[in-house]
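1. Predicted model and sequence below, questions to follow.
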Amino acid sequence: MCGYAGRILRVDLTHGTITKEPTPAEVVRDYLGGRGLGAYLLWTEVPQGADPLGPDNKLFISTGPLSGTLFPGAGKMDFATKSPLTGGYAGASMGGMLTAELKYAGYDAIILEGISPKPVYLYIDDDTVELRDAEAYWGMGSFALEKKLKDELGEEFQIATIGPAGENLVKYACINHDFGRQAGRGGVGTVMGVKKVKAIAVRGSGGIPIADVAGFTRVAKEAYRACKEADGFDAWTRYGTMIVTSWCDENGALPTRNFQSGSFEQGPSIYASVFRQTIVVTDKGCFGCPTPCGKYSHSEKHDIYVEGPEYETNGMLGSDLGIGDIEDIARANQLCDELGVDTISTGGAIAWAMECYEKGVLDREQTGGLDLRFGNAEAVFTLIERIAHREGWLGNLLAEGVKRAAAEVGQGSEKWAVHVKGMEQSAYDTHDATSMLLAYMTADVGAHHNRAWAITYDIAVGRDRVTLEKVAKVIELQHIRPLMDCLGCCRLQWVELGMSLDYYAPVWTTRGKTCCTSPSGCGI
Ligand code: SF4
């Protein structure tokens, strides 16, 4: 296949200029696209020592060669930047519809560089690309702005936004899209915020050049059929990632009260079956997904709609905070999404503060009057708002992430700040899961599960020791999993439904065939 739109958009926010550059053929040949392209651009374009919040840092938004095609789950894009949270590499994946729309508009990637003197949003309608005034949108929540822009521009525009947390430079602010999809980790929304880019709106009417349409379609159809006929298809599409909650609880991997335990006495009340029966309204998937894991939910108790919670959010805003009411977790999820903070890091930061409070390291004056005991959902809702707005001493402190917060508070609280490289650990307890612990410790971005989800291997082979086989398994996973992020497609069809890896190679290695319609004429 070719699979590339052939152009990259470079947006100089300092000077307000926009240029269209050819996608470099040799780079996408060697690095594919998506995460590979973003990491390459970050490495080559951002100078050593750059301040993550300074004008030298850039935000790279990249699609892969499969993004927007008929291949199962081809709705992923990647965000790369120097992380304000860790000071190192931030790479965040996001699903939804934006990646396909960007390719149809004729762009493989967007580079945001410099800092705009005033709030703007990036408007892309095929060849028309403009920076538009966003002063009136500054301060708006993510869902509210996405709806407003769709109302103003048209339903067919695909929109990515930041919430108030990105504007306020909360170090783990996220980028939101499609009313519930996020590029969550590492502060990619913080970098968008410091650049004063409130939103990106894209509409495209073109297609994607494919070198061998018949061959590509045949393999894609076979892969779809494999997903639909997989044993786990019915359960996966009914429950999504929430299906993991009971498994983690039973296996001692469900983070509970700031990872003090791996099982939660109220666990069954937040299992997937309860979730499905009580609050799920409908299923929701990314572009081209045969196995939609997104669950759109309604909480009567809080009178809110939200996509989720998915498993990570359930763990980090639920059991890890001692909360056993699925509607309370949905409310915390909705607040994080609307305000624009990563649910994993937010949960990790609040859980640390709760442990500090219960151990007497933080008092009620320092919490701004909040009774921050584990399980106090109302206090959690208030604290999420305070973090997003950097309100009060504790809100401002937690907005810096758990590593900086613990360094400031001291008194031994560093011991219960659960992070790697400054990134809060995602929702797998690793006291008794050494492969997963190794995966977190060696992940390029910090303690993020998507680099190597090795916990099933711990369960399979024994949990207490680190063996050479476990090291080899983590390395193997760290080599396979980036492939999907580079290609621009979801890995869950492979991870959860066992779709064979053999489907991937034929759709992007049709070497020798060139696509005569490619604007780049790259010949890949
Ligand atoms: S499985 Fe979930 S994350 Fe993956 S493409 Fe489908 S809806 Fe998106």
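-> Sure, I can see it.

2. wait, does the helix or strand containing residue 247 make contact with the ligand?
-> Element membership for residue 247 (DSSP states H and E) is helix 244-250. No: Helix 244-250 lies out of reach of the ligand by Cβ under 6 Å from any ligand atom, never closer than 13.0 Å. Where you see a C-beta, it was placed from the backbone N, CA and C, and this is true even at glycine.

3. in the very next helix or strand once past that helix, what's buried?
-> Moving toward the C-terminus from helix 244-250, the first helix or strand encountered (DSSP H and E) is helix 272-278. By neighbour count with 16 or more other Cβ atoms under 10 Å, helix 272-278 contains the buried residues 272, 274-276, 278.

4. Could you find the residue in the stretch 101-250 of the chain that comes nearest to the ligand?
-> Closest residue of the stretch 101-250 of the chain to the ligand, Cβ to the nearest ligand atom: residue 240 (6.7 Å).

5. and that residue, how far is that from residue 174?
-> 19 Å (Cβ to Cβ, to the nearest Å).

6. With neighbour numbers in mind, choose between those two.
-> residue 174 (35 against 27; other Cβ atoms under 10 Å).

7. what sits against the residue of the stretch 301-450 of the chain found nearest the ligand?
-> Residue of the stretch 301-450 of the chain nearest the ligand, by Cβ to the nearest ligand atom: residue 310 (8.4 Å). Residues in contact with residue 310, defined by Cβ atoms under 8 Å, 6 or more residues apart in numbering, are 240-242, 293-295.

8. Out of those, which sit inside helices?
-> Assigned to helices by DSSP state H, none of the contacts of residue 310 qualify.

9. which pair in those residues spans the largest distance?
-> 242 and 294 (10.8 Å; Cβ to Cβ).

10. Please say which of these two ends up with more neighbours.
-> Between residue 242 and residue 294, residue 242 has the larger neighbour count (other Cβ under 10 Å), namely 25 against 22.

11. Can you give me the domain assignment for this structure?
-> 7-203, 236-427 (automatic domain parsing).

12. How many residues are close by the residue nearest to residue 379 when sequence neighbours are not counted?
-> Closest residue to residue 379 apart from its sequence neighbours, by Cβ to Cβ, 6 or more residues apart in numbering: residue 370 at 4.4 Å. Residues lying near residue 370 (other Cβ under 10 Å) number 21.

13. what helix or strand is residue 370 on?
-> Residue 370 belongs to no helix or strand, assigned by DSSP H and E.

14. And for the one 10 residues further on?
-> Secondary structure assigned from DSSP H and E places residue 380 in helix 377-389.

15. again, but for residue 130
-> Using DSSP H and E, residue 130 falls in strand 128-133.

16. List the buried residues in that strand.
-> Those would be 129, 131, for strand 128-133 by 16+ other Cβ under 10 Å.

17. list the contacts for residue 384?
-> By Cβ under 8 Å, 6+ apart, the neighbours of residue 384 are 332, 335-336, 339, 341, 346, 350.

18. er, residue 157 actually
-> 101, 125, 149-150, 201-203.

19. Kindly recompute the last result at 7 Å.
-> By Cβ atoms under 7 Å, 6 or more residues apart in numbering, residue 157 lies in contact with 149-150, 201-203.

20. what does this protein have sitting close to the ligand?
-> 73, 75, 95, 285-286, 289, 291-294, 490, 492.

21. Residue 100 reaches residue 75, doesn't it?
-> Yes: with contact defined as Cβ atoms under 7 Å, residue 100 and residue 75 form a contacting pair (6.2 Å).

22. Looking at those two, which one has more neighbours?
-> The residue with more neighbours, out of residue 100 and residue 75, is residue 75; 28 against 25, by other Cβ under 10 Å.

23. which SS class is the more buried one?
-> coil (DSSP: H, G, I helix; E, B strand; the rest coil).

24. That one reaches residue 102, doesn't it?
-> No: under the criterion of Cβ under 7 Å, residue 75 makes no contact with residue 102, lying 11.2 Å away.

25. that older thread, by contact count, what packs against the next helix or strand after the strand holding residue 130?
-> Downstream of strand 128-133, the first helix or strand assigned by DSSP H and E is helix 142-153. With contacts taken as 3 or more Cβ pairs under 7 Å, 6 or more residues apart in numbering; DSSP states H and E, helix 142-153 sits against strand 158-161, strand 197-203, helix 326-339.
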